[in-house]
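**Student:** using only what follows, build the 3D model:
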Amino acid sequence: MDATPNNQVPLIFPCNGKTPRIHRSAWIAPGAVIIGVSADELADQVKFAEKNDLGYPLLSDADAKVCEKYGVWQEKSMYGRKFMGIVRSTYVIDKAGKIAKAWPKVKVTGHAEEVLEFVKGLK
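**Tutor:** Just a heads-up that it's a prediction; the model follows:
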């Protein structure tokens, strides 16, 4: 992924496009462009975007190729059932297009603030 000129990119991998998200206002930092990636189909993403005011683009990766490259497409289990899905993760891509920091298996509470502080500290 190429970072946009003069911007850091918090790249958010939520579990799916149907779960509650952290609104963009929690992620606002000067020089940051937020992008979300989900393995949901494009039609589901459009419905979700219309229903919720995220304030940032939520991209469809229905074949999970991007998710696999970032290592977030993993086997999960719920109630004894195993399945493939996204492990909620965040990456900050710096101005040079390199991963500046990764947060694997994040918990929502306090995470946006932690990412925001990190992005503010980047030069």
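**Student:** which parts of the chain are strands?
**Tutor:** Assigned by DSSP state E, the strands in the chain fall at 9-13, 35-38, 58-60, 73-78, 81-86, 89-93, 99-103.
**Student:** give me the helices and strands touching the third one, please.
**Tutor:** In terms of contacts (3 or more C-beta pairs under 8 Å, 6 or more residues apart in numbering; DSSP states H and E), strand 58-60 is packed against strand 35-38, helix 42-51. Every residue, glycine included, has its C-beta placed from N, CA and C.
**Student:** mean pLDDT lowest where, among these?
**Tutor:** Mean pLDDT is lowest for helix 42-51 among the helices and strands packed on strand 58-60, at a mean of 82.
**Student:** name the helices or strands packed onto that helix?
**Tutor:** Using 3+ C-beta pairs under 8 Å, 6+ apart: helix 42-51 touches strand 58-60.
**Student:** contact partners of the strand it packs on?
**Tutor:** 14, 17, 21, 35-42, 44-45, 48-49, 66 (C-beta atoms under 8 Å, 6 or more residues apart in numbering).
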